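Chemist: Let me see the structure of the following:
(one chain, ligands or ions: 1)
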Amino acid sequence: MSTKYFPKDFLWGAATASYQIEGSPLADGAGSSIWHRFSHTPGNILNGDTGDVAADHYRRYKEDIALMKEMGLKGYRFSIAWPRIYPYGKGKINVKGMDFYDRLVDELLEAGITPFITLYHWDLPATLQDLGGWANRDIACWFADYADYMFQRLGDRVENWSTLNEPWVVAFVGHLFGEHAPGMKDIYSAFLVTHNQLRAHSKAVRAFREANIANGKIGITLSNTSHDPATDSMEDKIAAKVAHEWNNYPLFLHPIYYGDYPDTVKEFLKEYLPKNYYKDMEEIKEEIDFVGINYYSGDLVKFDPDSPLGGKSVKRGLPKTEMGWEIYPEGFYKILKGLQDEYNPKEVYVTENGAAFDDKVENGEVHDHKRIDYLKKHFEMAHKAIEDGVKLKGYFVWSLLDNFEWAFGYSKRFGIVYVDYNTQKRIIKDSGKWYSQIIKNNSLDF
Ligand code: LGS
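Modeler: Next up, the predicted model:
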């Protein structure tokens with residue numbers, strides 16, 4: 001057995017998102033969000049679940065921070081519900097909503113936990129959707145104004161900021177597949193939304209630079225699936241490359257770092273890109289301080305002339321999580337190493353990695369050994385990536401708490417802390433206890 005140490009000051013933490021844990025979505029003057037609306041529309045969410053109560057974190061945040069402290073977390077990634085701050089998306093500010101995040105940040109700092117804020121994790125103010133949402137070009141200004149207000153209000157205490165969480169999912173799952181809010185199915189809107197998110201992101205980054213936050217760092221959080229070619233054939237390799245460049249970090253980082261969409265996107269998807277998109281590229285190309293990587297799974301890609309992207313996904317018979325996603329830690333290494341080789345970001349954070357399993361409470365404990373095994377294998381790959389030059393500075397396990405898993409409602413549990421939704425009682429799962437040892441030792445035994 002050998003012990004592998006992580007870098008000094010490695011930011012071990014856990015992540016959550018506002019709509020998934022907070023509950024009380026309309027409390028204290030908050031406006032409605034597109035997820036509130038979507039989840040209250042019958043047929044959208046499994047079992048008709050909504051985020052009305054969720055893990056009741058809005059009212060129990062102190063208890064939750066105490067749990068983080070007990071586990072020894074060094075960092076906590078959470079998101080701000082835009083409609084709590086601006087009930088109508090812009091204009092009038094809701095002081096009480098702001099107070100919640102003020103208190104949350106103070107409580108975290110008091111507990112010695114570094115806050116890591118995501119400005120947008122999918123709960124767009126519903127009023128802005130009525131104006132076209134992310135498909136309206138004005139959203140770059142609406143978002144930058146909101147972001148700027150947050151920098152002014154929390155920048156004295158919060159150094160780490162991520163603009164958007166998984167803009168690919170927002171664009172395609174929300175506007176092409178219709179499985180997430182706002183539930184649209186239009187490919188042109190999906191690409192327009194991709195583009196406007198990029199514009200909004202970069203505008204917020206410029207506001208951040210002007211806010212001049214001491215030691216402040218800003219980046220973006222991107223979703224990734226490791227797409228590997230099914231065979232060595234040229235066709236399969238191209239299909240896997242197209243899937244990678246459209247589905248993973250290149251779709252957003254190519255514009256941000258190089259001022260253009262990736263080659264395969266321009267070749268295979270050009271007709272869907274907004275007209276004259278290149279005119280915005282100069283404002284989109286804007287330096288960021290870190291890239292946030294979310295990683296869960298991988299697949300094999302096989303050439304398929306009938307598919308619009310020239311490839312289809314095939315399973316390879318690996319063990320799966322409760323979501324039906326293959327457990328493929330090697331793909332995590334490939335994503336991290338590929339990111340470093342292709343874009344050489346100044347810093348990288350794993351902003352999400354974790355798994356859902358069928359957790360059971362037995363005598364007041366949750367023995368989630370499969371989750372421990374999943375995390376261990378992924379930590380190992382992160383360590384290997386660091387050894388190979390990836391400038392990984394921290395790692396946020398998804399998720400701190402069991403929560404509202406979007407279209408799957410409460411049927412899937414990702415937490416390292418179990419939530420009993422009848423009583424709101426929390427139980428630190430075995431994975432949470434195991435994780436706290438890793439954090440304490442800052443190392444992993446193989
Ligand atoms: O809860 C969400 C987690 C769970 O799994 C979180 O809010 C999101 O930021 C993030 O999308 N999350 C997530 N993503 C995994 C997507 C994996 C798709 C794998 C497909 C296999 C072929």
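
Chemist: And the strands in this structure, which stretches?
Modeler: The residue ranges that make up the strands of the chain, judged by DSSP state E, are 3-5, 11-15, 75-79, 114-120, 160-165, 217-229, 290-303, 311-314, 348-353, 392-398, 417-420, 425-428, 443-445.

Chemist: residues of the fourth one that come out buried?
Modeler: Which is strand 114-120. Within strand 114-120, the residues that count as buried by 16 or more other C-beta atoms under 10 Å are 114-120. Using the backbone N, CA and C atoms, a C-beta is placed for each residue, glycine as well.

Chemist: Now mean pLDDT and distance to residue 143 too, for the strands of the chain, in JSON lines please.
Modeler: Written out in JSON lines, the entries for the strands of the chain read as follows (pLDDT from 0 to 100; distance: least, C-beta to C-beta, whole Å):
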{"stretch": "strand 3-5", "mean pLDDT": "97", "distance to residue 143": "40"}
{"stretch": "strand 11-15", "mean pLDDT": "99", "distance to residue 143": "21"}
{"stretch": "strand 75-79", "mean pLDDT": "99", "distance to residue 143": "13"}
{"stretch": "strand 114-120", "mean pLDDT": "99", "distance to residue 143": "7"}
{"stretch": "strand 160-165", "mean pLDDT": "99", "distance to residue 143": "8"}
{"stretch": "strand 217-229", "mean pLDDT": "99", "distance to residue 143": "12"}
{"stretch": "strand 290-303", "mean pLDDT": "98", "distance to residue 143": "17"}
{"stretch": "strand 311-314", "mean pLDDT": "95", "distance to residue 143": "32"}
{"stretch": "strand 348-353", "mean pLDDT": "99", "distance to residue 143": "19"}
{"stretch": "strand 392-398", "mean pLDDT": "99", "distance to residue 143": "23"}
{"stretch": "strand 417-420", "mean pLDDT": "99", "distance to residue 143": "31"}
{"stretch": "strand 425-428", "mean pLDDT": "98", "distance to residue 143": "33"}
{"stretch": "strand 443-445", "mean pLDDT": "96", "distance to residue 143": "38"}
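
Chemist: of all those, which lies closest to the ligand?
Modeler: Distances from the ligand to each of these were compared by C-beta to the nearest ligand atom, and the smallest falls on strand 290-303, at 4.0 Å.

Chemist: could I get the strands of the chain as JSON lines with distance to the ligand?
Modeler: Putting the strands of the chain into JSON lines (distance: least, C-beta to the nearest ligand atom, whole Å) gives the following:
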{"stretch": "strand 3-5", "distance to the ligand": "26"}
{"stretch": "strand 11-15", "distance to the ligand": "8"}
{"stretch": "strand 75-79", "distance to the ligand": "9"}
{"stretch": "strand 114-120", "distance to the ligand": "9"}
{"stretch": "strand 160-165", "distance to the ligand": "5"}
{"stretch": "strand 217-229", "distance to the ligand": "5"}
{"stretch": "strand 290-303", "distance to the ligand": "4"}
{"stretch": "strand 311-314", "distance to the ligand": "6"}
{"stretch": "strand 348-353", "distance to the ligand": "6"}
{"stretch": "strand 392-398", "distance to the ligand": "5"}
{"stretch": "strand 417-420", "distance to the ligand": "14"}
{"stretch": "strand 425-428", "distance to the ligand": "18"}
{"stretch": "strand 443-445", "distance to the ligand": "23"}
